[in-house]
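Asker: Got a sequence here, can you build the structure:
(one chain, ligands or ions: 1)
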Amino acid sequence: MAVLHHACAVPLARAAARSRSLSAVAAPAMMTGVSVPSKARESRVLIGMSEPELQQLALEFGQEKYRGKQLYHLLYQRKVKDIGDFSHLPQVFRNNLQEAGWRVGRSPIYHTVKAADGTVKLLIKLEDNRLIETVGIPVEDENGSVRLTACVSSQVGCPLKCSFCATGKGGFSRNLLSHEIVEQVLAIEEIFKHRVTNVVFMGMGEPMLNMKSVLEAHRCLNKDINIGQRMITISTVGVPNTIRRLASHKLQSTLAVSLHAPNQKLRESIVPSAKSYPLDALMKDCQDYFHQTSRRVSFEYALLAGVNDAEEHAIELAKLLREWARGSHVNLIPFNPIDGSDYRRPYKKAVSRQFKHLSLSFFTIFFTSPWHFQVHLPCMFCEGPGICKCSGVSQSYCECSENKGIRCSCCLWPTEE
Ligand code: SF4
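Answerer: Here you go, the predicted structure:
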């Protein structure tokens, strides 16, 4: 699924897409007489390569093996973005790498938007001029330490067309390569000047449709950038046969499944791709995932007013989860309104009351603040860069000085029904 992402990133991407050029970048010629590892040969991008691969690369360029270790350090600890700045390496090695078409693999940040709570959305321009969105979400705990979550995209666009999702409406361009996923995390670290502690694959795209790159990026994030597996969440709306495949890798990361409905009929109306994946089969795969990995699946549920937010839905959801996934976490996510959608965000009080059935059934419920999701929404009144100035869930009025007291178009959590 990707509730965070869709909501966070798409409008920027859509706007920028107008000026997008789809011209392909010609592959640079290889350095004559030098052989390199096959994976690297394809992309000639250093980000994403492991330490042994970089050592092999150094050897194949006629360098000592320890030069590969230096490369590793420059890429992942010092986070140098250009081969020309690899000052620890001999000039001849740098020149040879560049002449052979090698590059670090860090793309320019095309645009950033910052919200009042510190959340930052980045628009990254890839080598083929396509744009992807990444969101950095800083949260300070009571001890003052900051948890910085990177919400990363796995595809440019998405083919699954979930009815509430802006990304789905924008269509699908291509899968991201593994280094294009990893570089999103490095970009967030660069902007925040802080290490990323958590990664969620909830940006643009369905990660299970790009599992190879997602798994390669997961390895790099864990082994090379030192983000614990348990700090990484892979989200899916459900793609047949992929949860089992993921389970076979026995990752210690969280699988987040976007349910959005407690029964098949309603789910199909919200998530069209659910037609090919009956709810019972999805829940069985989630149960098997837990048995294989000992990691509980977390369930995402986008709250759509008048569609899936009634008491009967909560009761049905509790029953479904009791049957298949006892003790799971349920993340209730207020819908983030998008252009051209009839869906509305429900009242928080009503939802809290109706969904008490879940907590009575011993599921841990989280309400995800809609704030992160409204970063991109241009306020009806706060024009300019398109940043809503509302300060969060508890704030139901626009802060624009000339419109004090008027309900903001972004803050759709009314305090009273
Ligand atoms: S359309 Fe794609 S990106 Fe959007 S919610 Fe569905 S799976 Fe996620």
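
Asker: can I assume Arg147 sits in a helix?
Answerer: No - counting by DSSP: H, G, I helix; E, B strand; the rest coil, one finds Arg147 to be strand, located in no helix.

Asker: any idea how far it is from His194?
Answerer: 10 Å (CB to CB, to the nearest Å). For the C-beta atoms, the positions are set from N, CA and C on the backbone; glycine is no exception.

Asker: With Phe164 instead?
Answerer: Distance of Phe164 to His194, computed by CB to CB: 32 Å.

Asker: Counting neighbours, go ahead and name the busier of the two.
Answerer: Just comparing Phe164 and His194: by other CB atoms under 10 Å the higher neighbour count belongs to Phe164, 23 against 14.

Asker: Surely the more buried one and Arg344 touch.
Answerer: No - taking contacts as CB atoms under 8 Å, Phe164 lies outside contact range of Arg344: 10.5 Å.

Asker: Now do the shared contacts for those two.
Answerer: Leu304, Phe335 (CB atoms under 8 Å, 6 or more residues apart in numbering).

Asker: is stretch 209-227 up against the ligand anywhere?
Answerer: No - residues of stretch 209-227 contacting the ligand under CB under 6 Å from any ligand atom: none, with a closest distance of 8.4 Å.

Asker: how about that stretch as CSV, C-alpha atoms only?
Answerer: Output in CSV follows, covering the C-alpha atoms of stretch 209-227 (Å, rounded to 0.1, in the frame of the first residue of the first chain):
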residue,chain,number,x,y,z
LEU,A,209,6.0,-5.5,-7.7
ASN,A,210,9.6,-4.6,-7.5
MET,A,211,10.8,-7.1,-5.0
LYS,A,212,14.3,-7.7,-6.4
SER,A,213,15.3,-4.0,-6.1
VAL,A,214,13.5,-3.7,-2.8
LEU,A,215,15.5,-6.7,-1.4
GLU,A,216,18.8,-5.4,-2.7
ALA,A,217,18.1,-2.0,-1.2
HIS,A,218,17.0,-3.6,2.0
ARG,A,219,20.4,-5.4,2.2
CYS,A,220,22.3,-2.2,1.6
LEU,A,221,20.3,-0.2,4.1
ASN,A,222,20.8,-2.9,6.7
LYS,A,223,24.4,-4.0,6.1
ASP,A,224,26.0,-0.9,4.6
ILE,A,225,24.1,2.0,6.1
ASN,A,226,23.5,0.1,9.4
ILE,A,227,19.7,0.5,9.7
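
Asker: Other residues contacting it?
Answerer: The contact list for stretch 209-227 (CB under 8 Å, 6+ apart) reads 47-48, 50-51, 72, 75-76, 152, 154-155, 159-160, 175-182, 185-186, 196-199, 201, 207-208, 228-229, 232, 234, 239, 242, 245-246, 249, 251, 253.
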